[in-house]
Each structure stands twice: as structure tokens, then as C-alpha cells.
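Enquirer: build the 3D model from these lines:
(chains A and B)
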Amino acid sequence: MPTFRAPRGTRDLLPEDAARFLDFARVARDLTDRYGYRPIETPVFEQAAVFERGIGEVTDVVEKELFRIAPRTDEAEAWALRPEPTAGIARAYVQHGMKTWPQPVRLTTIGPMFRYDRPQAGRYRQFWQFDVEAIGDPGPAIDAEIIELGTRFYAEAGVAGVEVLVNSIGDAACRPRYLQALGRYYAGVGEALPAAERERLGRNALRLLDSKDPAMVPINAAAPRITDHLCDACSEHFAAVRAHLEALGVPHRVEASLVRGLDYYTRTAFEFYVAGRSGQQQALGGGGRYDGLIELMGGQPTPGIGFGLGLDRVALVLDEQGSEASGAGARAVDAARRPDAVVVSADPADTVGRLQVATQLRASGLAARADLGARKLGRQMEAAARDGAHFAVILGVEQADGQVQLRDLKAGTQRLVALADLGREVGRAVKQHRHGDAG
RNA sequence: GUGGCCUUAGCUCAACCGGCAGAGCAGCGGAUUGUGGUUCCGCAGGUUAUGGGUUCGACCCCCAUAGGCCACCCCA
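Expert: Now for the predicted structure:
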């Protein structure tokens, strides 16, 4: 019906949601500061080849979800909006010679990602991720640090019931052998293998492992497990990652069917998952080790590990979980946004006076808003009360004596205050009130 | 990309079997002219998602498109 609306799969974050996303960013910033991860901002678009090469040509993300930008001229590069942040950060690592920095380079970013997907609740074409990467350390201790950091974020954001699923998907030494074994196994299943699955077999046998087809349950139960086919190095690495998680007290579960959709992952793969949700978007975030990615970006062989957390899904789960809890949280945030004072005037035409007094209050560090409407005093008071303002500063004939009425809207009391003392008076009352609240 | 369900005011929803599109909330204004979140009254807000079709007559039936949702594919 409206002439224009937000593109399919995108949405406007109205003040309530936008403020919440900024709160997430604040939590993320505080957290990563404490862990020593430094912020990085890379472009939201890159040469398409960065993603095609990094993520893998035959992945869903590249094959059907990449937001490509039509070239303007014949010479123009093929650009694409980033579907995930890691490839771009890896590119930046190589471009800026970060190999000369103290290793590992700990980086974090937060921002919008883009995938041309079919939208659903919790799945958007533009979505927000909190991302953390550690490049230059082969692990396994850093793997545990990263995973623990992820769980900490959920805890501090107020999400309950997040489970950590971990797996190892091997490396260049052992994964090919495993894939052969897996391929042979599925081929041997013959007619019992559903047609759709048989088709996927030729493309990526790993994908059959997490099939949701009921017919696949018994078949997968007997399938060879990657963890039984790891080379010694990968096996030891995986065991050490789990030992570190145990030592850090991070509950986790080995999930043999956990494979990830991007080609660059090696060894450690993990997902943050919340069970018991309606809807299928149960993965709140995930990541893994990518020991070959920097090389794909043109750098020297360099290990790395990281994760991306979907903030849209964090918001969704927060809404579903104790709506009371998040509601109270939202109200608490709102309370912090309430103006200390609203300046109203008996003279609806006097916008200058209201602006001047509000400006004076703000200069004193107070949250003050002028009611600039041409409404009569009663309406202005009504609006101030509805906004939850602590005080109303009422401008009237007393201005001639350099005074204003200072009305405490919570207490219902009112007194004359000299304009010159206004900031101090309001400031003191507000401070006292806050102390009272805290105690 | 595949299959299914849905779409009425800014929001949440009504409207009998196909017979004059309504309410609550939110917004704005008024209630004898300088004081409140309650109350009362009023105003505004709609081409019933869009475009076709059937019918004397369509919010209601049919088709298409768009968007949302659900299940897949896949993932955050």
C-alpha cells in the first residue's frame, strides 16, 4: 500500500530495536576489549572473487545467496555484498601485512551481512553479526578462548540455554580420506538412499550427515564418523580443544553431524545453539578454524579461527524467552532515556524561552527537552508526564523576576526557583532520586 | 530455488450465507481562557496488499503479482 517499503527480507529497526542493537554492540565492545580483541571495519562489499575463492565456489552461500552488484561498465570489477565477515578480514590481514604484527592478531567487528535467501522469521537478506577472529595461532588453546568468548557474549546479552556443539572436520591430510570412505558408504546403501540425497552426494557428501529426512536417520546412524577418521594431528588437536573447554568450565557436546556450509573450515567447527525454539532458526551463531583461508587470499600459510553471531536471532530468542525478563530489561533501558526535565510554557508562542532554558539545563549535563508545540499548557504537561519526565519547568509571568516554576512530576510538588539556580536544583534532586532508586 | 498458509486504519483485530467497512489502542483537539499519565466528548485516519476476473452486487469466490509466515535447501 505505501509507495515505498523496505526491500524483501530487510526491515527497519525502529527506536526500540535499534537501541537494543546498540546495546548488543556495547556488550560486544566491552567484552572484546577485556579479551584484547581490536575492532576492525572492512567494506560491506568486496570483489566477488574474495568470497568465491574464500568461501568456496560450490557452496550455497556463493552459488545462490551471493548479492552480486551489476557492473557499471565492461571494465568494472565484479562486486558482491559480503555474506559473512571472515573472508574480507582475511583479505585485509594479507593486504595490510598483519603477519608482521604480534601474533595472533585478535580482531572483532559488528555489522550487516547480506545473503540473497528466502526470508523467514530470524532469517533476513540483511542481518547483523557480531564477529570475532584470531589469526596466526594454530591452537588449540585459542580455539577454546574463542568459544568461551562466544558463550560469554550470550550470557551478558541475557540469552539463556545456549548450548555449544563442537566437532572436528579434519584437515587437508585426513578429510579427503574420510570423504572417500563416506562416499563409498552412501553408495553402498543403494536404493534406500532418497533420490534428493543421492543428488547431493555428488556435490558434498558431508551435507548428507545433517539431513532432516527421516529415512536418513538409520542410514546416518551407521555412517562412518569423521572423528574416527581424523589423522593423529587433528585428533590430538580436537582432544586438546575439548580439554581446554573442560578446564574453562564451558559445557559442550560433540556433535558428529556438525559440518559447516563454508569450504574454508578445517579442524574445529562449532555452533551456538538454543533448543526448544519454535521455528527452525536454532543456530544463534557458529564458527570454526580456517587454516587455509589466508593462503587462499594470497598470503602465507596462516592459521585462524573465529565465529559470527547472529544478532537478529539473539533479539528473537530474547523476545521468546521470558518476555517478562526482556520486557523489564527494556523498561529499565527506557527509564535511563527518560528526560530529567521537560520545559513547558504558559505562552504557547514562546519557543525561544523554552529552547533557552532547555539548552541551559543540557549544559548542566541534564537530559532536558523543550516542548516546542503551540499547545496550551495543560497539553504540554500531559505530554511531559507521559514521557516520564522527572520535572516540568514551567515558564510564565515569573520570568520577569528571573524565576520559573519547578514542578516535581513524581512527587506532585512545585516551587519557584531562580533561573540562575535551575541547573543546580534539578541536578541535585535528580541525583538524590537516583540514589534512592539504587538503594 | 521447491511446497503450503496468510495479508482489513499507524498497531491488535471485527464485519452472518456474497448485501451500506467497524472497534480498541496510539495520534490530534475540546471539557468557561497558567498545571499532569485517569475520565468524558470529538476529529482525523481505508481504492479491504496490488492488478485482473465471476456476479445485479465482492473484504468474502477465482487467477496472477508483491510481501509476511511455515516446512525444505541452507544457515546467522
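
Enquirer: hang on, isn't residue A:303 packed against residue A:137?
Expert: Yes: counting by CB atoms under 8 Å, residue A:137 is a contact partner of residue A:303 at 6.4 Å. Heads up, the C-betas are built off the backbone N, CA and C, glycines and all.

Enquirer: where exactly do the strands run in the stretch 151-300 of chain A?
Expert: A:162-168, A:253-254, A:266-274, A:283-289 (DSSP state E, counting those that start in this stretch).

Enquirer: in chain A, which residue sits closest to RNA strand B?
Expert: Minimum separation of chain A from RNA strand B (CB to the nearest atom of the strand) falls at residue A:261, amounting to 1.2 Å.

Enquirer: isn't that residue right next to residue A:58, touching?
Expert: No: contact criterion CB under 8 Å: residue A:261 and residue A:58 do not qualify, at 10.8 Å.

Enquirer: contacting residues around the longest helix anywhere in chain A?
Expert: Criterion DSSP state H: the longest helix present in chain A is helix A:15-35. The contact list for helix A:15-35, computed with CB atoms under 8 Å, 6 or more residues apart in numbering, reads A:13, A:38-39, A:106, A:108, A:110, A:128, A:130, A:132, A:145, A:149, A:152-153, A:156-157, A:311, A:314-315, A:330, A:333, A:337.

Enquirer: lowest average confidence, helix or strand, in chain A?
Expert: helix A:323-337 (a mean of 46; mean pLDDT, DSSP states H and E).

Enquirer: what about the strand or helix carrying residue A:384, near RNA strand B?
Expert: If you go by DSSP states H and E, residue A:384 is part of helix A:377-386. Yes: using CB under 7 Å from any atom of the strand, we find that helix A:377-386 touches RNA strand B at A:377-379, A:381-383, A:385-386.

Enquirer: return the members of those classed as buried.
Expert: A:377, A:381, A:383 (16 or more other CB atoms under 10 Å).

Enquirer: going by distance to residue A:53, which of the residues you listed wins?
Expert: Nearest to residue A:53 among those: residue A:383, at 57.2 Å, using CB to CB.

Enquirer: and that closest one, how close does it get to residue A:390?
Expert: 14 Å (CB to CB, to the nearest Å).

Enquirer: now residue A:390. Nearest residue, chain neighbours left out?
Expert: Spatially, and ignoring its direct neighbours in sequence, residue A:390 is nearest to residue A:340 (5.3 Å; CB to CB, 6 or more residues apart in numbering).

Enquirer: show me what contacts the one you found?
Expert: If you count contacts by CB under 8 Å, 6+ apart, then residue A:340 has A:361, A:366-368, A:389-391, A:426, A:430 around it.

Enquirer: one more time with 6 Å
Expert: A:366-367, A:390, A:430 (CB atoms under 6 Å, 6 or more residues apart in numbering).

Enquirer: what residues does the helix holding residue A:384 touch?
Expert: By CB under 6 Å, 6+ apart, helix A:377-386 touches A:342, A:344, A:346, A:371, A:392, A:409.

Enquirer: quick check on those: which are buried?
Expert: Judged by 16+ other CB under 10 Å, buried ones among the contacts of helix A:377-386: A:342, A:344, A:371, A:392, A:409.

Enquirer: isn't the fourth one up against residue A:407?
Expert: I take that to be residue A:392. Yes: using CB atoms under 6 Å, residue A:392 is in contact with residue A:407, at 4.5 Å.

Enquirer: elements contacting the host helix or strand of residue A:352?
Expert: For residue A:352, the element it lies in under DSSP H and E is helix A:351-363. Under the contact criterion of 3 or more CB pairs under 6 Å, 6 or more residues apart in numbering; DSSP states H and E, helix A:351-363 touches strand A:341-345, strand A:368-370.

Enquirer: pairing partners for the last one, with directions?
Expert: The one in question is strand A:368-370. strand A:341-345 (parallel) (DSSP bridges).

Enquirer: so what touches the strand it pairs with?
Expert: Here strand A:341-345 has contacts from A:354, A:357-358, A:361, A:368-371, A:380, A:384, A:389, A:391-395, A:426, using CB under 6 Å, 6+ apart.

Enquirer: how about stretch A:91-109 and RNA strand B, touching?
Expert: No: figure legend: stretch A:91-109 not in contact with RNA strand B (CB under 7 Å from any atom of the strand); closest approach 13.7 Å.

Enquirer: and stretch A:403-415, by the same measure?
Expert: Yes: Stretch A:403-415 lies within reach of RNA strand B by CB under 7 Å from any atom of the strand, at A:405, A:407-410, A:412, A:414.

Enquirer: what's that stretch in contact with?
Expert: A:385, A:389, A:391-395, A:416-419.

Enquirer: any chance of a markdown table for the residues you listed, columns pLDDT, secondary structure and distance to residue A:88?
Expert: A markdown table is the format used below for these (pLDDT from 0 to 100; DSSP: H, G, I helix; E, B strand; the rest coil; distance: CB to CB, whole Å):
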| residue | pLDDT | secondary structure | distance to residue A:88 |
| --- | --- | --- | --- |
| A:385 | 89 | helix | 49 |
| A:389 | 91 | coil | 45 |
| A:391 | 94 | strand | 49 |
| A:392 | 95 | strand | 51 |
| A:393 | 96 | strand | 50 |
| A:394 | 95 | strand | 55 |
| A:395 | 94 | strand | 54 |
| A:416 | 94 | strand | 61 |
| A:417 | 95 | strand | 56 |
| A:418 | 96 | strand | 58 |
| A:419 | 95 | helix | 55 |
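
Enquirer: of those, grab the buried ones for PyMOL.
Expert: Restricted to buried positions by 16+ other CB under 10 Å, the PyMOL selection for these reads:
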select buried, chain A and resi 389+391+392+393+394+395+417+419
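
Enquirer: of all the contacts of stretch A:403-415, which two lie farthest apart?
Expert: A:385 and A:418, at 24.6 Å, using CB to CB across the contacts of stretch A:403-415.

Enquirer: tell me the SS of residue A:80?
Expert: strand (DSSP: H, G, I helix; E, B strand; the rest coil).

Enquirer: I'd say it and residue A:66 touch.
Expert: Yes: under the criterion of CB under 6 Å, residue A:80 makes contact with residue A:66 at 5.1 Å.

Enquirer: any idea how far residue A:160 is from residue A:31?
Expert: For residue A:31, the distance to residue A:160 - CB to CB - is 17 Å.
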